[in-house]
Each structure stands twice: as structure tokens, then as C-alpha cells.
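Peer 1: Dropping the sequence and predicted coords here.
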Amino acid sequence: ETGVTQTPRHLVMGMTNKKSLKCEQHLGHNAMYWYKQSAKKPLELMFVYNFKEQTENNSVPSRFSPECPNSSHLFLHLHTLQPEDSALYLCASSRGQNTGANVLTFGAGSRLTVL
Amino acid sequence: AQSVTQLGSHVSVSEGALVLLRCNYSSSVPPYLFWYVQYPNQGLQLLLKYTTGATLVKGINGFEAEFKKSETSFHLTKPSAHMSDAAEYFCAVSQIEGAQKLVFGQGTRLTINP
């Protein structure tokens, strides 16, 4: 148990479906992140939230819609995805901005397959 | 812009042998440097980090890394590999300004041969 819990661990969806990924952290952190991990590519930062406000959107297509209702919960809403969106989606948390070297604590990831 | 290059997508060593995973970075300002490890079906976890001060950094599980500014490198080593070290290792860099924008390398898969 790393303190960051992601559900579901595996998700298969069609291109017309709508689904959501959930992330919860129990570490008292103030920042939360979504990363995309694809085979043979570096981890790609998608979104950053600080104190539930979005502070970074790394040019992510609008078919990915994040939501951060509070500092402990983060969602990634998915709709009209493409097969190339199949990947491992990692959630992470950290103490937040202006706290020096930002050490991330990662969840185990949600493996998404888009058919 | 920052970037990270990990030389070798796959490294294989014998149990008990030296582990050396290479990482070079580019950064226009003094960087923060990290090594993370990912075991199968798990997220990434921090092995060690360099911020300021001593350039030789010790981490968990017997790993260490040395920051060499002149070579823009932060190679990861372990004197004696153990079977449990088999995993994927990621080098990452960030800066004081924008410390939350962590840039990762492509990863190196470490295999340990009995």
C-alpha cells in the first residue's frame, strides 16, 4: 500500500464509451498528478493540481477531462477515446508547490485498453 | 527545456555483479535529479534524489548515484545485484522553478541472471 490508491486497475472500453479513473491519496499531500505511461515512451505528464486547482495541462486532448474535488481525490473522465490512448495511467501526489525537490508518490496505475 | 537520456533500454547482469544504469540530462539551471524504480504491476517508487550538497547520494536497497555536473550525468550503481533488483528504472529531472514538472527518461529494464 503506497498511500495512493487507483481504481479500477484494469479497464477495457470502446471508443464511444464514457468511463472514469479514480485516484485517492491518504498522505496529506496538496498536489496531485496524472501521468500517461505508454510502451517504449517516457512518462508523460498530463495534469497537475495544487490545492484542487489545475495548475498544469500539458496540451492534453479534451477527450481526457480531469476533476479534483478536493486535495485527496482526483478523477480522469474519459470519453470518445482512440486506440492510441491505450496505456497505463498513473496518479501521483506530492507535498506541493514551493516545497523544494518535489518527490512524487505513485499509485499502481490503471491499465486502459481502448478497442 | 529539460531532457533526460537513459543509455540502454535493457541491461542484463549476473547476480552478484555490479549494476550500472546510465543517465544524462540537460538543464539550463541546476537540476534536481531522481531515480525511480517500477516493479511489475506497480507504480513508481523513489530510489534516491539529488538536490544540493553532497554529489554522491545513497538510496534504498543499496543503490547510489553520483551527480557529475561536468558530465551532466547521474548514473545509478549497486555493487552487487540481487534477483529482487529486476525492475524498470527511471531517471528524472526537474528544476527549482517548476519543480512539479518532472521530466522522465524512457526507462531501463534491468534483468538479473542467476
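Peer 2: Received the coordinates, thanks.

Peer 1: Smallest distance to chain A belongs to which residue of chain B?
Peer 2: Residue of chain B nearest chain A, by CB to the nearest CB: B:G43 (3.3 Å). Bear in mind the C-beta positions are built from the backbone N, C-alpha and C, glycine included.

Peer 1: Tell me if I'm right that that residue and A:G107 touch.
Peer 2: Yes - B:G43 is in contact with A:G107 according to CB atoms under 8 Å; the separation is 5.1 Å.

Peer 1: More neighbours: which of those two?
Peer 2: Per other CB atoms under 10 Å in any protein chain shown, whichever of B:G43 and A:G107 has more neighbours is A:G107, with 27 against 22.

Peer 1: List the contacts of the more buried one.
Peer 2: A:2, A:4-6, A:23, A:90-92, B:43 (CB atoms under 8 Å, 6 or more residues apart in numbering or on different chains).

Peer 1: Just give me the residue right at the centre of chain B.
Peer 2: B:W35 (3.4 Å; CA atoms, centre = their mean).

Peer 1: A:L115 versus the residue lying closest to that one once chain neighbours are set aside, what's the distance?
Peer 2: Excluding its sequence neighbours, the residue lying closest to B:W35 (CB to CB, 6 or more residues apart in numbering or on different chains) is B:L47, at 4.3 Å. Distance, B:L47 to A:L115, by CB to CB, to the nearest Å: 36 Å.

Peer 1: And for A:H29?
Peer 2: To A:L115, A:H29 is 34 Å away according to CB to CB.

Peer 1: if you count what's nearby, which of those two comes out ahead?
Peer 2: Neighbour comparison, A:H29 and A:L115: the larger count goes to A:H29, with 20 against 10 (by other CB under 10 Å).

Peer 1: Give me the sheet partners of the host helix or strand of A:L11 and which way each runs.
Peer 2: Per DSSP states H and E: A:L11 is located in strand A:10-13. In the sheet, strand A:10-13 lines up against strand A:110-114 (parallel) (DSSP bridges).

Peer 1: Give me the helix or strand of chain A that scores worst on average pLDDT.
Peer 2: Least confident element among the helices and strands of chain A, by mean pLDDT, DSSP states H and E: strand A:53-57 (a mean of 91).

Peer 1: Buried residues of it, list them for me.
Peer 2: Across strand A:53-57, burial judged by 16 or more other CB atoms under 10 Å in any protein chain shown covers A:E56.

Peer 1: neighbouring contacts of the very next helix or strand once past it?
Peer 2: Per DSSP H and E, the first helix or strand lying C-terminal to strand A:53-57 is strand A:64-70. Residues from elsewhere that reach strand A:64-70 (CB under 8 Å, 6+ apart): A:32, A:34, A:46-47, A:49, A:52-54, A:74-79, A:85.

Peer 1: do the following helix or strand past strand A:64-70 and chain B meet?
Peer 2: As assigned by DSSP H and E, the chain's next helix or strand after strand A:64-70 is strand A:73-79. No - interface with chain B: strand A:73-79 contributes nothing (CB under 8 Å from any CB of the partner chain), its closest point being 13.9 Å away.

Peer 1: now the closest residue to chain B within chain A: how far from B:E71?
Peer 2: Here the residue of chain A nearest chain B is A:F106; by CB to the nearest CB that distance is 3.3 Å. Remark: distance between A:F106 and B:E71 (CB to CB) = 29 Å.
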